[in-house]
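Engineer: The following comprises the amino acid sequence and a computationally predicted model.
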Amino acid sequence: MFRILKRSINREYTVVFGLLLSLCIALISIVNMLTLESAYMYNKQKVLLSCYNDIDKAAASGDLTSSDFDESISRTASINNIEMLIIDSDKQIVTTTNRDSSLMVKRLLEFVFGSNEDVETIYENSKFRIQRTTDPRVHIEYMELWGSFDNGYLVLLRTPVQSMKEASMLANTIFVRFGTIAIIAGIVFVFIATRRITKPIMKLVDISEKMTRLDFSEKYVSSTGNEIDALGEHMNGLSDKLERTILELKSANAALVQDIEKKTEIDEMRKEFLSNVSHELKTPIALIQGYAEGLRDCVNDDAESRDFYCDVIVDEADRMNRLVKSLLTLNELESGNQTVDMQHFDLMELIRNCASSMDILIKQNDIRLEMPNDDKVLVWADEFKTEQVLNNYLANAIHYASGEKIVRITVERMDPLVRVGVYNSGDPIPEDVMPKLWTKFYKVDKARTREYGGSGIGLSIVKASMEAMGRRYGVENADGGVNFWFEVDGSDSI
């Protein structure tokens, strides 16, 4: 499980932005208080200098009395709140922006002739001086520029200067008020903006938490195409890959369990196989040993008894020989050492040959053999393995036939396959027993199997042969008996 989030990115970003904005506003207020007055005075000084330079150029060109200059200088004075006075060498007013110019004339003459108490000089050169004064009559502070031109004219320019400390305090008050509003608005904006960012992140957190519980059902849905969406897409890819890997691991684990179970089953089959082989060999060996000892000890001296003893020994040795051969054949088939040799041959000829080889056994058991009427049926198969299957089916049918003792061989064309059936009349096989018939050494009726010399391997050879050829086989209860069948390819199927 994930730890509970102690600190939200949304909250952290909002607090950090609010602190930064507050710090910026505080710094700007301090800078404003420290520099506003000097910046204001510097600006006033530049305005006065600019106006003086314009007048100086006009004086040099003789345009002081022109209407264009008068209109231009009046506009400049009005825009920058400048009072202007220009007098000639005879103290006559050349131009002015003030209706009552007597006070300005008097003040200019005072500056020229040295009466300049309570004056703070800011800048001066050979042509003009810039100074800061206070008018004692109205207690208004001015920045003034007075001086002369090359033609002997005198000039006085002045502009009122407000108290910068009061103006700075007022500006800071307004700035703080609006700054507070800006801080609140900024915090709200950052909160909303960061919430929009953290919402998909929390979605990714939920998805990753489900992934820790191996729940890969939920996927991230991209919306904006930014870096978070890219992370979400990669998270989806990781989720899919983890899901596939876990499924593969589960499949591998299931396969491993099956392998273990199969190994256990094979081990049990091996033990059962050894037990069955030992059991099958124990009886003929005991009989051979017993009758051989009887012959050696001359239990019966007559020729008839000796012949009987010898016949028993030969029969049991032959039974052992057949068992060993069958085991070797089955081992070769199951191990895959035998190759499948596909041939094109006449199935009917093979059936007739198999029936002919069983002729003595058929007559001994009073079997009525019914053969198919087909003259020729061409098929593709391994002829040797097909013959093994048919011989085992026929031997099995002959020995288990009862009642009317009918054994019927059928050939059914099932394009493109051909199905061969071997039917014998008699008791049906229980349904729960049928899957076991193909197991080595399994016998439905052990006493009867022993009676005719069966080993319980014949149907296992059928199974191995048919699986080697890759074709189907089986058994079914039919009307009044049992039918074993197998399929091969017809002549047109290859």
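Structural biologist: Arrived safely, thanks for sending.
Engineer: which residues of the chain fall in strands?
Structural biologist: 83-87, 93-96, 119-124, 128-135, 140-148, 154-160, 342-346, 368-370, 378-382, 406-414, 417-425, 473-478, 481-490 (DSSP state E).
Engineer: Wait, Asp489 touches Ala381, no?
Structural biologist: Yes. Counting by Cβ atoms under 8 Å, Asp489 touches Ala381, with 6.4 Å between them. Bear in mind the C-beta positions are built from the backbone N, C-alpha and C, glycine included.
Engineer: what touches both of those two?
Structural biologist: Arg471 (Cβ atoms under 8 Å, 6 or more residues apart in numbering).
Engineer: Tell me what the closest residue to Leu48 other than its chain neighbours is bridged to.
Structural biologist: Leaving aside its chain neighbours, Leu48 sits nearest to Leu145 (4.3 Å; criterion: Cβ to Cβ, 6 or more residues apart in numbering). Beta-bridge pairing for Leu145 (DSSP bridges): Ile130, Leu157.
Engineer: Please name the residues that touch Leu145.
Structural biologist: 48-49, 51-52, 128-131, 155-158.
Engineer: how much space is there between it and Asn373?
Structural biologist: Counting by Cβ to Cβ, to the nearest Å, the gap from Leu145 to Asn373 is 141 Å.
Engineer: and what of Ile260?
Structural biologist: From Ile260 to Asn373 the distance is 53 Å (Cβ to Cβ).
Engineer: So which of the two has more stuff around it?
Structural biologist: Ile260 (10 against 7; other Cβ atoms under 10 Å).
Engineer: Need phi/psi at Lys127.
Structural biologist: Dihedral angles of Lys127 (phi, psi; degrees, to the nearest 10) stand at phi -110, psi -30.
Engineer: Would you state the helices of the stretch 151-300 of the chain in chain order?
Structural biologist: 164-212, 227-296 (DSSP state H, counting those that start in this stretch).
Engineer: mind checking which helix or strand of the chain has the lowest mean pLDDT?
Structural biologist: Within the chain, no helix or strand scores below helix 446-452, which has a mean of 44 by mean pLDDT, DSSP states H and E.
Engineer: and the gap between Leu85 and Arg75?
Structural biologist: Taken as Cβ to Cβ, the span from Leu85 to Arg75 is 17 Å.
Engineer: Actually, Gln364.
Structural biologist: Taking Cβ to Cβ, one finds Gln364 at 146 Å from Arg75.
Engineer: Quick check, Phe486 in contact with Met466.
Structural biologist: Yes. With contact defined as Cβ under 8 Å, Phe486 reaches Met466; the gap is 5.6 Å.
Engineer: Mutual contacts of the two, please.
Structural biologist: With Cβ under 8 Å, 6+ apart as the test, Phe486 and Met466 both reach 389, 472-473.
Engineer: can you pick the most crowded of these?
Structural biologist: Of those, with other Cβ under 10 Å as the count, Val389 tops at 28 neighbours.
Engineer: Tell me which residues touch that residue, please.
Structural biologist: Contacts of Val389 by Cβ under 8 Å, 6+ apart are 461-462, 465-466, 473, 486.
Engineer: Count the residues that sit near Trp106.
Structural biologist: Careful, residue 106 is Lys; it's not Trp. 10.
Engineer: With Glu124 as the reference, measure out to it.
Structural biologist: With Cβ to Cβ as the criterion, Lys106 and Glu124 are 21 Å apart.
Engineer: and if you look at Asp88?
Structural biologist: Applying Cβ to Cβ, the value for Asp88 to Glu124 is 22 Å.
Engineer: now Asp68
Structural biologist: 31 Å.
Engineer: what's the answer for Ile28, then?
Structural biologist: Taking Cβ to Cβ, one finds Ile28 at 35 Å from Glu124.
Engineer: Ile174 now?
Structural biologist: Taking Cβ to Cβ, one finds Ile174 at 36 Å from Glu124.
Engineer: Tell me the confidence at Asn477?
Structural biologist: On the pLDDT scale, Asn477 is placed at 93.
Engineer: So, low pLDDT: which residues of the stretch 101-250 of the chain?
Structural biologist: 114-118, 138, 162-168 (pLDDT under 70).
Engineer: domain assignment for the chain?
Structural biologist: Domain assignment for the chain by automatic domain parsing gives 9-167, 338-490.
Engineer: Between its first and last residues, how far does stretch 146-160 reach?
Structural biologist: For stretch 146-160, the first-to-last residue distance is 15 Å (Cα to Cα, to the nearest Å).
Engineer: Give me the contacts around that stretch.
Structural biologist: With contact meaning Cβ under 8 Å, 6+ apart, stretch 146-160 is reached by 44, 47-48, 51-52, 55-56, 59-60, 64, 80-89, 94, 104, 107-108, 111-112, 127-129, 131, 140-145.
Engineer: Out of the residues you listed, which end up buried?
Structural biologist: 44, 47-48, 51-52, 55-56, 59, 64, 82-87, 104, 107-108, 111-112, 128-129, 131, 142-145 (16 or more other Cβ atoms under 10 Å).
Engineer: Give me the neighbour count for Ile122.
Structural biologist: The tally of other residues near Ile122 (other Cβ under 10 Å) stands at 17.
Engineer: quick one: it and Glu144 touch, right?
Structural biologist: No. Counting by Cβ under 8 Å, Ile122 does not reach Glu144; the two are 9.5 Å apart.
Engineer: between the two, what contacts are shared?
Structural biologist: Shared contacts of Ile122 and Glu144, counting by Cβ under 8 Å, 6+ apart, come down to 130-132.
Engineer: coming back round to it: just put the domains of the chain in a markdown table and tack on distance to Ala292.
Structural biologist: Output for the domains of the chain, formatted as a markdown table (distance: least, Cβ to Cβ, whole Å):
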| stretch | distance to Ala292 |
| --- | --- |
| domain 9-167 | 97 |
| domain 338-490 | 20 |
